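Chemist: Okay, predicted coordinates and the sequence, questions at the end:
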Amino acid sequence: MLTHIRRSIIASIAFFAVLGLLYPLAETGIGQTLFSHQTNGSLSKYGSALIGQKWIGPKWFQGRPDAYNPMSTGGTNLGPRSKVLVSDVAKQIALLHKEGIKPTPSLVTTSGSGVDPDISPAGAYAQVDAVAKARGLPVSRIRQLVTSHVTGPELGFLGSPYVNVLKLNEALAKLK
Amino acid sequence: MGFLWTLVALVVVLAIAWRFLGQYMAAVYEGRVKWAAFVERPFYRLMGVDPEAEQSWQRYAASLIVFSGIAILATYLILRTQAYLPFNPQHLPNVTPALAWNTAVSFVTNTNWQNYSGETTMSYLSQMGALAVQNFVSASVGIAVAVALIRGFSRKGSKTIGNFWTDLTRGILYILLPISFIGAIIFMAQGALQTLGGPVHIHDVLNGFNQTIPRGPVASQEAIKQLGTNGGGFFNANGADPFENPTGLTNFLSISLILCIPVGLTYTFGKMVGSVRQGVAILAAMAIIFGAWLAIGTFAEHQANPAVTAAGLTHQTTGNMEGKEVRFGDTSSALYNVVSTQTSTGSVNSANDSYNPMGGFTTMTGMMLGEVTPGGVGSGIYTILIYAIIAVFIGGLMVGRTPEYLGKKIQAAEVKLAALGTLVMPITVLILTAIAVSVHAGQVAPLNKGPHGFSEILYSFTSVTNNNGSAFAGLSSNTAFYNIIQTFGFLLGRFAIIVPALALAGTLAAKNVVPASLGTFRTDKPIFVGLLIGVILIVGALTFFPAVSLGPIVEQLSHGKFF
C-alpha cells in the first residue's frame, strides 16, 4: 500500500512536470514563433477575426443575435419547444423586417459559442439592399463586396460556407 | 454533398488509424516499441518500478485506484490554491471546495463534466497543470485497463495481467503525447490560441463596441482533450468556441482525434488475441450502431427547429441552427456531437440542449448504450468485451453448452462479473435521476420547462455516469447538491466497471484455452455481431425506455405545443 502511494505521488509530480509544464510551454514556444498571429487571438486593430461583435444596422452588416461576450461563452440552451425561444426569434424576425432585411436562419438564431464571428452567405446577401440604401452606394457594389467575402468550406468540403462579419465590415468601411 | 465527402474522408482516416495505429498500440503494450526509452527508463527509476515485473489483477487494480485517488487529491489541491500559484494573469481566486471536488473527480474519471466556465474560473496553471495532465493520465489509465483485459484473453494459465505503471507510462509517452504534440500544431496553425498572455481589451472604432477577449494555452489542451476522449473545454462554449475549434478543418481533426484510438484498439485487440477477425467483429458491431445513430442525429438536425418555425420563419433553407456555429453548419455539428457522445468524450461544437427532439434523443441515448460504439479510449473496448461475454453467454444458453469466448470457458464467475459491469451504469443513472427529480435542490436546476426540463436532469446523470461530460447545458448544476451527487456517478461509472473488468482479466488469464471444436460458437462471424448488437440495444432499451419516453420522445410527439 505504501509503495503504491509513494509511486503515485512520484508519478503525479513527474507527469505534472512533463505534461503540465513542458508540453504546453513547448507548444507555446512553437506557436509564438510560427503562428504568432493565430496563437495570440487573430487580432487586428478592430478586434479578433474569430470573436464576433455587435453591429447595429443598417449601416453595417449585422451578425447573429448573440450576446458577444467572450468572457461568458455558450449558447442560450433554449430547447426546441421553448416558448422563450419562440418569442426571442419572433422579436428578431420583427426587427429584421423593420430594417428591410429578409430573415434567414443564421440571422434569427443564436450560436453555440455566443460569439459566432460569421453569418451564412444567404444572411449576408439578405442585408445587401438595406446596407446599400443606408450608405447611398450602388447595390451591385455591395453585393460584389459580399461575394468576395464568402469563404467556402475548408478543402472544399469540410464545414459550411460563411461570411466573416468583421472582415466584411472592415472592407465596407473602406468603400467610398 | 460536402457532408458525404466528410464521411468518406473520415472513413479513410479511420481505416488508416485502425490498421496502423492499432498495430502500433499492440507493439507499444507488448513492450516492442522503444524509441522513447530515454524518457521512459528514468520514469521507472524515479517510481522504483521494475518494468518487467508483472502484477496480479488485485495488485494492478490497487495500483490503479491508489494512483487515481492521489490524482484527485493533486488536482483538488491545485484548484484550491491557484490564487497563490503562477500563470494566473487574471488573478482568479481559488476554486470553491464543492466545485473543486466535482472538477477533480470529473477529470480523473475521464468525464470532464464542467460545472464552471473556464474563462472566469481556472488559472492557466489549473488548466495546464491540473486539468490537461488528467486528460493524458485518465486516458492512459483507460487504455491500460483495456490492454489488461485483452491480456486476460490472450494468456494461458497466467497469474498476472501486466504492470499498471508500465502500461500507464507507455500509453502516455508513446501514444498520447506524440499525437497530441502534432495535433496541437495543426490547431494553432488554424487559429487556436496558445499564449500565456492574459485577456486583451478591444475597442472597435467602427462600431464603438467594447470587448474583453480571454486567452490562454488552448491548443495544447484541445489536442489531448479530443485524443483522450476527455472533452473538457478550455472555455465554457467548448468546441463551439472559435478559439478552440476555429475552422471546418479543426472540426474534422477533432472528430478524427476522438475516434482514432477507440477504433484502433479493435485492431490492437484482434492482433493481441491472435485473430484480427475477432477485432473486426467488435468493430462491426460498434460501427453499425454508431451509423444508425448518426443517421438519425444528422437527419433530425437537418430539419427546421420547431420553435423557429413557430416564430414565423417558415421557408428555411438550412436545418436547425439554434445553438450552432455557421462555419460548421447543421450536419457537421450533429456529426461532431454524435461522435462525442458515443465515445465518452463529451466535448460539443453546438448546444445539445437546443437540438431538435430526435437530435437530443440521439446524443442522450448514444450514451445510454454504455459508451461502447466505439466508446472512450480503452473504456469503449473493455466495456464492449463485457457485453460480448454476455452475448456468448446468451448464445450458450440457446444451444445448451458452456459458452466460450476466444477459447476461454465463460463460467459462473465471469458471467457474474460481466453482469455487474453492465448493470452498474443503468442502476446508478436511474437512481441518481430519481433522487434529483424528487428533491427541491434537484428540481430547480433546469432552464427549460416541460419534458425538456426533465431531459436536462436525465441527460446530466447519464452523462456523468457514462464518464461522458456533455450536457443539456441549461441545467444550472454548479450547486452544492449537483456538485456532490454527480461525483457518485463519476466514481461508480468509472471504477465499478474497471474493477470487474480487471477481475475478469485475472480469472480469464488464469484459465487454459479450450481448442475450438465444431460446436464452438464462432465469434468472428456476422451472427455474433448481430447477437452483440442485440444485447447492447436490448440492455439499453429495456432499462432506459421508460425514462427516455418522458423526455425526448414525448417532446417529439408534442407537435405544436410549447412549454
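Modeler: Structure received. Numbers count the residues shown, from 1 in each chain, chains lettered A, B, ... in the order given.

Chemist: Please put the alpha-carbon coordinates of stretch B:476-487 into PDB.
Modeler: C-alpha atoms of stretch B:476-487 as PDB (Å, rounded to 0.1, in the frame of the first residue of the first chain):
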ATOM      1  CA  SER B 476     -27.600  25.100 -13.500                       C
ATOM      2  CA  SER B 477     -25.600  22.400 -11.800                       C
ATOM      3  CA  ASN B 478     -22.900  24.400 -10.100                       C
ATOM      4  CA  THR B 479     -24.700  24.000  -6.800                       C
ATOM      5  CA  ALA B 480     -23.700  22.000  -3.700                       C
ATOM      6  CA  PHE B 481     -26.400  19.400  -4.500                       C
ATOM      7  CA  TYR B 482     -25.200  18.700  -8.000                       C
ATOM      8  CA  ASN B 483     -21.500  19.100  -7.300                       C
ATOM      9  CA  ILE B 484     -21.700  16.400  -4.700                       C
ATOM     10  CA  ILE B 485     -24.300  14.000  -6.100                       C
ATOM     11  CA  GLN B 486     -22.600  13.900  -9.600                       C
ATOM     12  CA  THR B 487     -19.400  12.600  -8.100                       C
END
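
Chemist: mind listing what's buried in that stretch?
Modeler: Across stretch B:476-487, burial judged by 16 or more other Cβ atoms under 10 Å in any protein chain shown covers B:477-479, B:481-483, B:485-487. Every C-beta, even on glycine, is put in place using the N, C-alpha and C of the backbone.

Chemist: Among those residues, which one sits closest to chain A?
Modeler: Using Cβ to the nearest Cβ, B:Ser477 is the member of the buried residues of stretch B:476-487 that lies nearest chain A, at 12.0 Å.

Chemist: that older thread, just send the buried residues of stretch B:476-487 back as JSON lines, with distance to chain A too.
Modeler: Below are the buried residues of stretch B:476-487 laid out as JSON lines (distance: Cβ to the nearest Cβ, whole Å):
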{"residue": "B:Ser477", "distance to chain A": "12"}
{"residue": "B:Asn478", "distance to chain A": "13"}
{"residue": "B:Thr479", "distance to chain A": "16"}
{"residue": "B:Phe481", "distance to chain A": "19"}
{"residue": "B:Tyr482", "distance to chain A": "16"}
{"residue": "B:Asn483", "distance to chain A": "19"}
{"residue": "B:Ile485", "distance to chain A": "21"}
{"residue": "B:Gln486", "distance to chain A": "18"}
{"residue": "B:Thr487", "distance to chain A": "20"}
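
Chemist: which one among those residues gets closest to A:Ala17?
Modeler: B:Thr487 (27.7 Å; Cβ to Cβ).

Chemist: B:Ala104 is in contact with the closest one, correct?
Modeler: No: contact between B:Thr487 and B:Ala104 fails when scored by Cβ atoms under 8 Å: they sit 9.0 Å apart.

Chemist: Run through the residues that contact the closest residue to A:Pro153 other than its chain neighbours.
Modeler: Closest residue to A:Pro153 apart from its sequence neighbours, by Cβ to Cβ, 6 or more residues apart in numbering or on different chains: A:Gly159 at 4.8 Å. Contacts for A:Gly159 (Cβ atoms under 8 Å, 6 or more residues apart in numbering or on different chains) come out as A:153, B:2, B:247-249, B:251-252, B:327-329, B:332.

Chemist: Equivalent analysis for B:Gly191, please.
Modeler: Contacts of B:Gly191 by Cβ under 8 Å, 6+ apart are A:38, A:42, A:50, B:242-243, B:246-247, B:250.

Chemist: Which one of those sits in the busiest neighbourhood?
Modeler: Neighbour count (other Cβ atoms under 10 Å in any protein chain shown) singles out B:Phe243 as the most crowded of those, with 32 neighbours.

Chemist: Next, the contact list for it, please.
Modeler: A:41, A:50-51, B:191-193, B:215, B:218, B:234-235.

Chemist: helix or strand for it, which one?
Modeler: Applying DSSP states H and E as the criterion places B:Phe243 outside every helix and strand.

Chemist: What is the three-state secondary structure of the residue nearest to B:Ala74 when sequence neighbours are not counted?
Modeler: For B:Ala74, ignoring the flanking residues on the chain, the nearest one in space by Cβ to Cβ, 6+ apart is A:Ser12 at 4.8 Å. The three-state label given to A:Ser12 by DSSP: H, G, I helix; E, B strand; the rest coil is helix.

Chemist: Using neighbour counts, pick out the buried residues of the host helix or strand of B:His201.
Modeler: If you go by DSSP H and E, B:His201 is part of strand B:200-204. By neighbour count on 16+ other Cβ under 10 Å, the buried set for strand B:200-204 is B:200, B:202, B:204.

Chemist: Stretch B:250-270 now?
Modeler: By neighbour count with 16+ other Cβ under 10 Å, stretch B:250-270 contains the buried residues B:250-270.

Chemist: Keep only those that also lie close to chain A.
Modeler: Applying Cβ under 8 Å from any Cβ of the partner chain to the buried residues of stretch B:250-270, one finds that B:251-252 fall near chain A.

Chemist: circling back to that earlier point, from the buried residues of stretch B:476-487, which land in helices?
Modeler: B:481-483, B:485-487 (DSSP state H).

Chemist: want to throw those into CSV with pLDDT?
Modeler: Putting these into CSV (pLDDT from 0 to 100) gives the following:
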residue, pLDDT
B:Phe481, 97
B:Tyr482, 98
B:Asn483, 97
B:Ile485, 98
B:Gln486, 98
B:Thr487, 98
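
Chemist: Relative to B:Val12, which of the residues you listed is nearest.
Modeler: B:Gln486 (38.4 Å).

Chemist: right, and that closest one touches B:Asn112 too?
Modeler: No: using Cβ under 8 Å, B:Gln486 makes no contact with B:Asn112, being 12.0 Å away.

Chemist: list residues touching both of these two?
Modeler: Residues touching both B:Gln486 and B:Asn112 by Cβ under 8 Å, 6+ apart: B:Ser106.
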